[in-house]
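*Asks:* what would the 3D arrangement of this be:
(2 chains)
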Amino acid sequence: MNQKKLRVMHYMNQFFGQEGHEDRADMKFLVKEGPVGPGLALQKILGEEGEIIATIICGDNYFAENIHKASEEAVKLIGPYAPNLFFAGPAFEAGRYGIACGAICKIVQERFGIPAITGISEENPGVELYRRDVYICRTERSALRMVESLSNMANLALKLISKEKGSKLVSGENIGRPSEDGYFSRGVVKNEHTQKATAERAIDILLVKVQGKPFQTELEMVNFGVIKPPAPMRKNLSLCQIALISDGGLVPKGNPGGLKARGNLVWSGYEIENFLPEDFSSANYEVAHTGYYSAHVLANPNRLVPADILRDLEKEGIIGKLHPIFYSTSGNATDYKRCGEMGEEILKELKNKGVDGAILTST
Amino acid sequence: MEKAGFPIVNITAVPEVSTMLGLTRVLKGESIVNVLGNIKLSKEQEKRLRRKYVLRALEILKMDIKEKQVFTLEGKY
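*Replies:* The predicted model follows:
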């Protein structure tokens, strides 16, 4: 398939790297030329397709306790080898190792634009932390299944890198479903040609379901996890600065922030004094959101962004201050991960300005 | 924002989506297309209703809660 052998690099912990046990879990990075330990088996599996040019090794504690720093250090060491394929582990059920494998694969594929694949068992926290970012092959818990796990990782890697269908390295055109190719779902929805229309497939699944038989959903819902409720605002309300945020897509006419009406990835801040004054004019707004009927909001934007009330409460001294910026985004078929990032970005601004709490309105 | 420990209340007519996402302070709004308004009311009545919602939201921001909760204008869902 390939004219030239792939240049492969392999990451492993101190134990598999034959540097020691827990006593060496604090060791920093070390690079050995050629394959090491499980790398020898991986080299056999890869055969003529690729050559493991170097093995990068790090202690479990050092990596897991300094994920960001360690990842950056790894990048510096990997760069000079210019690999075009990267493997990590497999880590099986080893928690720190699993996290390290996920983290190093993530940064390697980001920085070098090459596929980086690892293998981890289901209960390992590395799976939940990194499965959306990298291909993680599902392994058994025990390292007894080393060769089998490495084979799965190699197969997936070669599929990823294959140009058979004219795919680019990371387009993943050749990759099957998670259940077919033995990796953890990345939460990616792909278009597929099917013989049956959606309605027929839905009825098929429903009929199987009502019979209590096992069925396979086409769209797995993401498990969003549990959030611990933040502590309430402790200050007297009359001292609190309150911010207004909305995902209803309300923007000034012309949409200067470029919010997308569907699948939006950005947010914008607007000065409330100019954006939504007491004597606002409906003609000055638009709604970048195709997920709801926006006429009522356009007729009176306070229905979505209650600046009128907050202003009154500020004047009456009931709240300390209305934060002068309104943060607008459009939440309609929006990427979950990006939503989290936008939240972090907006929060950074709020904290800089000493905001005590926020009201987020959603449509 | 909640994951970072910041007090924020989400007003929405579909609290099921918010709680599915894990949000903890959720106030059920008036309707999807008009979260803090109601076209059946006069302008003044509508503003009074909106004020009630906002005051309730502020009250929720001051409330100690142990786990995620959906509130209404009157009480807990």
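*Asks:* read off the pLDDT value for residue 74.
*Replies:* Just so you know, I chose chain A. pLDDT for A:Ala74: 97.
*Asks:* hmm, I had chain B in mind actually
*Replies:* pLDDT, B:Glu74: 85.
*Asks:* helix, strand or coil for it?
*Replies:* Reduced to three states with DSSP: H, G, I helix; E, B strand; the rest coil, the structure at B:Glu74 is coil.
*Asks:* do the same with A:Ala91
*Replies:* Quick answer, by three-state DSSP: A:Ala91 is strand.
*Asks:* first vs last residue of stretch A:236-243, how far apart are they?
*Replies:* Length of stretch A:236-243, first residue to last, Cα to Cα, to the nearest Å: 16 Å.
*Asks:* tell me the mean pLDDT over it?
*Replies:* For stretch A:236-243, mean pLDDT rounds to 98.
*Asks:* which secondary structure element contains A:Ile242?
*Replies:* Following DSSP states H and E, one finds A:Ile242 within strand A:241-246.
*Asks:* check the offset of that strand from the chain's centre.
*Replies:* Relative to the mean C-alpha coordinate of its chain, strand A:241-246 is positioned 26 Å out (Cα atoms, centre = their mean, to the nearest Å).
*Asks:* same question for stretch A:247-263.
*Replies:* 24 Å.
*Asks:* in its sheet, what does the strand holding A:Ile242 sit against?
*Replies:* Strand A:241-246 has these partner strands in its sheet, going by DSSP bridges: strand A:321-329 (parallel), strand A:357-362 (parallel).
*Asks:* show me where pLDDT drops low in chain A?
*Replies:* Where chain A drops to pLDDT under 70, the residues are A:1-3, A:163-173, A:221-222.
*Asks:* for the residue in it that chain B sits nearest to, grab the count of nearby residues.
*Replies:* The minimum distance from chain A to chain B, using Cβ to the nearest Cβ, falls at A:Arg303 (3.4 Å). The way it works is simple: take the backbone N, C-alpha and C, and place the C-beta from them, glycine included. Residues lying near A:Arg303 (other Cβ atoms under 10 Å in any protein chain shown) number 26.
*Asks:* which stretches of chain B form strands?
*Replies:* B:8-12, B:25-28, B:69-71 (DSSP state E).
*Asks:* name the residues that touch the helix or strand containing A:Ala202?
*Replies:* Using DSSP H and E, A:Ala202 maps to helix A:198-210. Applying Cβ atoms under 8 Å, 6 or more residues apart in numbering or on different chains, the contact partners of helix A:198-210 are A:Thr194, A:Lys196, A:Pro214, A:Phe215, A:Gln216, A:Thr217, A:Glu218.
*Asks:* can you do 7 Å?
*Replies:* Applying Cβ atoms under 7 Å, 6 or more residues apart in numbering or on different chains, the contact partners of helix A:198-210 are A:Thr194, A:Phe215.
*Asks:* low pLDDT regions in chain B?
*Replies:* For chain B, applying pLDDT under 70 flags the ranges B:75-77.
*Asks:* which stretches of it form helices?
*Replies:* Under the criterion DSSP state H, helices of chain B are mapped to B:15-20, B:43-61.
*Asks:* tabulate the ones you listed (a markdown table), appending mean neighbour count and distance to A:Asp181.
*Replies:* Below are these laid out as a markdown table (neighbours: other Cβ atoms under 10 Å in any protein chain shown; distance: least, Cβ to Cβ, whole Å):
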| stretch | mean neighbour count | distance to A:Asp181 |
| --- | --- | --- |
| helix B:15-20 | 16 | 29 |
| helix B:43-61 | 18 | 46 |
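*Asks:* now for the ones you listed, which one comes closest to chain A?
*Replies:* Closest of the helices of chain B to chain A is helix B:43-61, at 4.3 Å (criterion: Cβ to the nearest Cβ).
*Asks:* just the C-alphas of stretch A:14-25, formatted as PDB.
*Replies:* Output of stretch A:14-25 as PDB, limited to C-alpha atoms (Å, rounded to 0.1, in the frame of the first residue of the first chain):
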ATOM      1  CA  GLN A  14       8.100   3.200  32.900                       C
ATOM      2  CA  PHE A  15       6.900  -0.300  33.500                       C
ATOM      3  CA  PHE A  16       6.400  -1.400  29.900                       C
ATOM      4  CA  GLY A  17       9.400   0.700  28.900                       C
ATOM      5  CA  GLN A  18      11.500  -1.600  31.100                       C
ATOM      6  CA  GLU A  19      12.700   1.200  33.400                       C
ATOM      7  CA  GLY A  20      11.200   0.000  36.600                       C
ATOM      8  CA  HIS A  21       8.000  -0.300  38.700                       C
ATOM      9  CA  GLU A  22       6.300   2.200  41.100                       C
ATOM     10  CA  ASP A  23       9.800   3.200  42.300                       C
ATOM     11  CA  ARG A  24      10.300   4.800  38.900                       C
ATOM     12  CA  ALA A  25       6.800   6.300  38.500                       C
END
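*Asks:* please state the offset of that stretch from the chain centre?
*Replies:* Computed by Cα atoms, centre = their mean, the chain-centroid distance of stretch A:14-25 equals 30 Å.
*Asks:* got the buried residues for it?
*Replies:* A:Gln14, A:Phe15, A:Phe16, A:Gly17, A:Glu19, A:Arg24, A:Ala25 (16 or more other Cβ atoms under 10 Å in any protein chain shown).
*Asks:* want to throw the residues you listed into JSON lines with distance to A:Ala261?
*Replies:* Shown next, in JSON lines, are the buried residues of stretch A:14-25 (distance: Cβ to Cβ, whole Å):
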{"residue": "A:Gln14", "distance to A:Ala261": "52"}
{"residue": "A:Phe15", "distance to A:Ala261": "52"}
{"residue": "A:Phe16", "distance to A:Ala261": "50"}
{"residue": "A:Gly17", "distance to A:Ala261": "51"}
{"residue": "A:Glu19", "distance to A:Ala261": "55"}
{"residue": "A:Arg24", "distance to A:Ala261": "55"}
{"residue": "A:Ala25", "distance to A:Ala261": "51"}
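*Asks:* can you redo those as CSV with distance to A:Lys159 and secondary structure?
*Replies:* Below are these laid out as CSV (distance: Cβ to Cβ, whole Å; DSSP: H, G, I helix; E, B strand; the rest coil):
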residue, distance to A:Lys159, secondary structure
A:Gln14, 31, coil
A:Phe15, 29, coil
A:Phe16, 25, coil
A:Gly17, 27, coil
A:Glu19, 32, coil
A:Arg24, 35, helix
A:Ala25, 34, coil
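*Asks:* quick check, A:Tyr293 in a strand?
*Replies:* No - with three-state DSSP as the criterion, A:Tyr293 is located in coil rather than a strand.
*Asks:* and it, its phi and psi?
*Replies:* With angles defined as degrees, to the nearest 10, A:Tyr293 sits at phi -80, psi 120.
*Asks:* once you drop chain neighbours, what's closest to it?
*Replies:* Spatial nearest neighbour of A:Tyr293, chain neighbours left out: B:Val33 (4.7 Å); criterion: Cβ to Cβ, 6 or more residues apart in numbering or on different chains.
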